[in-house]
Structure formats: C-alpha cells, structure tokens
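J.: any chance you could fold what I've pasted below:
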Amino acid sequence: MNFCFDSRRMRRGALLTSVCVAGLLQAAPALAEADASVAPTGGEGHITVTIPEPQANLVPVTPGPTIQQITPEPEILIANPGTPTTARDPVNITGVGQMIIDNGGGFVGLCTGTLINPRTVLLAAHCVNTRAATAYGANSGGTAIGFGFETNTRANAAGQTDELVRWLLGGAGGAGKYQTNTAQAFYNSNWLAYNPLSLEPAARSFLYGDVAVASLDTPAANIPTWALLFSPLTNTGTIGASGTGYDVGIVGYGNNGTGTSGASGGDFRRRAAENILGALTDLQTFEGFLFGGAPNGLTQNLYFLDFDDPRRGMTGASPFDFNAFRDNARTNPNGASLEGITSQGDSGGPLILQNAFARQVVIGVLSGGYTRFFTGQPANGYGTVSFYQPLYL
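T.: Now for the predicted structure:
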C-alpha cells in the first residue's frame, strides 16, 4: 500500500490553537533528558532534548514565502484539543508508559513505550541505542531502565510517594531504588534488544530500523496490553479531500503545547490526540517532493502524519499549515478539534489504528518528525510532520 501525499503545489494554510506537536528538525536521537537533581524537587520535569544539532539554529525571525529544506530530527511529544491540560489522558493506566533511563550525572533519558504482553514493552531503538543492549539492567550492574504506566509518573498530590523519584533515587536508606513498584505501576527492566539497522550511519539512529523491545523484571499482570498489526494496510487508492480514511490515535509523555504556540516543556504526564494517517512512503520520496535535490537513499517505508489546523481556509488560520498530506483536522461529532502531533519525549509511542478492526491495534512506533518548514513557524506547530516505523516491516 502506498498512501501518497498531496501532489498539488505546496500551499500555505491556516491556524488555530488546538493541539501539541511532535517533530524532528535535524536528525538525532529523540530521547529527552531531565536534570534528576532538579526534577524531583521542582516537579516540573524540565526536559531537555539530547540532540547533536541545537534547535536555536532553526528558529527564524520572520515567515518566509517558501518551504525551507531541513533534515528530520527525532523529537517526540503530544498535545490535544484546546490546551495542554485538556490533552491529558483521563485514564490512569492504559498500557502506554513512560521510559526512564538513569544516564548518570543527574540526568535521565525519557521516551514512551507500549506494553504488548505482561513482560514486554515496545519502544524506539533510538531511545536506547547509544549503548550496547547488554549494557542495560540495574539487576546485573548495568544502566538502569524502568517504565512507569500511570498517566502521571510523579506524585499526584502533596504527601504521596513520587514513584519516579523512588525508583531513581530510592527512599530512606535507598529503599526502592531500581526496584519494581507494582502498587504505582512502575516497573524495572532487566533486558532489552534493538534493531541493529538503527546503528547504520545512514539511519542516524532513528531514520530506519528504529524499533526495540524491553523486558520487565516482574510481570505487569494488571496492566492492559496492546495488540500489534504485522501486515500492511489495504491500499485506499486515490486519496480524496478527506484523506486516506485511516483514523489513528497518538499517545506520549513528551513536551506539550498548542498548534499556535508550538511545543513547550514536559511534565511527566501522558497525553493523547488523534490524526489521520497521511501517507505510507519513504523519506527519499517525501523530501524529494518537498525539497528536490539528489536522492538521499532513505527508502524504508514509514507512516506519516501532519498537523492540520481546524481553521484552514478560515480567517485566522495558520499561514504555516500547507497540508503536506491531503486531509483535514480530526474533530468530534460536535465539531471540536481532536487533532494533535508529537514532540520531544514521545519517541517510541504507539501509532494506534482506530477504525479498521473490532479493536484498536498498534501499527507503528514513533521515530521523529520535522519541527518546522518555514522561518517563523512555531516548533511542532501547525503544518509540521511526524513519522512512525511500520510494524509490518
């Protein structure tokens, strides 16, 4: 199946404030990092993305008249209708959790993962492939990695135990450090594996082969697990104005914001939004169409989404929403926007197919996206694009 993006001339679109976004600007691993010495007391997360190329060099001053070529960067986050607060997942435990790695020196790596059986979490390779797979697992003296499955992986109220801090730093006398805490759905991992293709120089750690699995040291017996789809979707043929017809959900613990403001910091909370599957194509085709130039050799298929402004075509619409894939913003029956995209910290999160089968299934793993295409465009705002690794490959 090949969903193709809109072959019409790239156009500029519309704007509103609806959801948050996920992006990539310069190819680099999209795990987020937080200062562990600050986050436990401040409670804000203060997540900083660990990427080789600083985002500052991508922030222009005034809107440009044309699309500017940029390279993808695996940043990941999520936001939903209206405000970052309304985007929060109201269900405490869904089987989607936050990955935490103790990187040492007061820093932690943050991504998102999906429980696919009581012992196994599906995530992105770039969240962990800066080390050998055998280097992980505190039980064997390796780098500690854990997964929190509550919608907020920090203390929910004053006086409550902060499960992330308990796992990371331990309580009195170190009690609970790197240990599973089933009462708060926080699990230690003792083993993982990732696709070695993600280590190839051309992959830049996340552009292809970006899939990993981790094993929990204790079965997560009371946490929902997700079904996976290992076959390609049916080709929808010619794509009309309403898009491919495949409705998808996106979930993650990354940065949050709105389509108008762009992404801001994260807060260790899970958020959810919706979108329409825009394309099944490769980076060579996508970038060749947008930017031209010589083929980049990146021919592995990926699932693509774009962040559509619900007010496209209306007064006040975002000038940056050029509708990379031919579809409109997702809305509920009352017309309220459900549209969203991803950002830093959402890496590894699931792409959930909502409307093809009797139950929802996971069809992809978030790798990254494009933070902006135009000068003056808010990072991860309307018009930006995210891509996922298909599980059928």
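J.: going forward, measure contacts between C-alpha atoms and count neighbours the same way
T.: Fine.
J.: what residues are up against residue 383?
T.: Residue 383 makes contacts with 306-309, 320-324, 372-373, as judged by C-alpha atoms under 8 Å, 6 or more residues apart in numbering.
J.: out of those, who has the most neighbours?
T.: Among those, the one with the most neighbours (other C-alpha atoms under 10 Å) is residue 308, at 37 neighbours.
J.: tell me the secondary structure at that one.
T.: coil (DSSP: H, G, I helix; E, B strand; the rest coil).
J.: not counting sequence-adjacent ones, nearest residue to it?
T.: The shortest distance from residue 308 to any residue other than its chain neighbours is 4.9 Å, reached at residue 329 (C-alpha to C-alpha, 6 or more residues apart in numbering).
J.: if we can go back for a sec, now the contacts of residue 383 in TSV, with distance to residue 208 and pLDDT?
T.: Shown next, in TSV, are those (distance: C-alpha to C-alpha, whole Å; pLDDT from 0 to 100):
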residue	distance to residue 208	pLDDT
306	19	95
307	22	94
308	25	93
309	29	92
320	27	93
321	26	93
322	26	92
323	24	92
324	21	92
372	21	88
373	22	89
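J.: can you show me the helices along the stretch 101-250 of the chain?
T.: 163-169 (DSSP state H, counting those that start in this stretch).
J.: sheet partners, orientation included, of the helix or strand where residue 303 lies?
T.: Element membership for residue 303, per DSSP states H and E: strand 301-306. Sheet pairing for strand 301-306, assigned by DSSP bridges, gives strand 279-282 (antiparallel), strand 385-390 (antiparallel).
J.: any idea of the mean pLDDT in the next helix or strand after it?
T.: Counting by DSSP H and E, the next helix or strand C-terminal to strand 301-306 is strand 350-353. Strand 350-353 shows a mean pLDDT of 98.
J.: same for the helix or strand following strand 350-353, what does it pack against?
T.: Later in the chain than strand 350-353, the nearest helix or strand by DSSP H and E is strand 361-370. Packed against strand 361-370 by the contact rule (3 or more C-alpha pairs under 8 Å, 6 or more residues apart in numbering; DSSP states H and E) you find strand 350-353, strand 385-390.
J.: who does the shortest one touch, helix- and strand-wise?
T.: Which is strand 350-353. Contact partners of strand 350-353 among helices and strands, from 3+ C-alpha pairs under 8 Å, 6+ apart: strand 247-252, strand 361-370.
J.: circling back: neighbours of the residue nearest to residue 308, just the number please.
T.: Using other C-alpha under 10 Å, residue 329 has 22 other residues around it.
J.: out of the helices and strands packed on strand 361-370, which gets nearest to residue 194?
T.: Minimum separation from residue 194 across the helices and strands packed on strand 361-370 (C-alpha to C-alpha) falls at strand 385-390, 13.1 Å.
J.: CA atoms of the closest one as CSV?
T.: Taking C-alpha atoms only, strand 385-390 is exported to CSV below (Å, rounded to 0.1, in the frame of the first residue of the first chain):
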residue,chain,number,x,y,z
VAL,A,385,5.1,16.3,10.3
SER,A,386,5.8,13.2,12.3
PHE,A,387,6.7,9.7,11.1
TYR,A,388,6.5,6.2,12.6
GLN,A,389,8.2,2.9,11.9
PRO,A,390,5.6,0.4,10.5
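J.: only the buried residues of it, if you could.
T.: Buried residues in strand 385-390, counting neighbours by 16 or more other C-alpha atoms under 10 Å, are found at 385-390.
J.: tell me the one of the residues you listed nearest residue 201?
T.: Of those, the one sitting nearest to residue 201 (C-alpha to C-alpha) turns out to be residue 389, at 17.5 Å.
J.: ok, now which ones touch that closest one?
T.: Contacts for residue 389 were tallied using C-alpha under 8 Å, 6+ apart; they are 208-211, 301-303, 364-367.
J.: okay, and the beta partners of it?
T.: Residues in beta-bridge contact with residue 389 (DSSP bridges): residue 365.
J.: measure it to residue 267 for me?
T.: 26 Å (C-alpha to C-alpha, to the nearest Å).
J.: swap in residue 390?
T.: Residue 390 is 28 Å from residue 267, where distance means C-alpha to C-alpha.
J.: same check, this time on residue 303
T.: 27 Å.
J.: between the two, tell me which one has more neighbours.
T.: Neighbour count, other C-alpha under 10 Å: between residue 303 and residue 267, residue 303 has more, with 22 against 19.
J.: these two touch, right, the more buried one and residue 364?
T.: Yes: Residue 303 is in contact with residue 364 according to C-alpha atoms under 8 Å; the separation is 7.4 Å.
J.: overlap in contacts, those two.
T.: 388-390.
J.: ok, which of the helices and strands packed on strand 350-353 comes nearest residue 227?
T.: Taking C-alpha to C-alpha, strand 361-370 is the member of these nearest to residue 227, at 5.2 Å.
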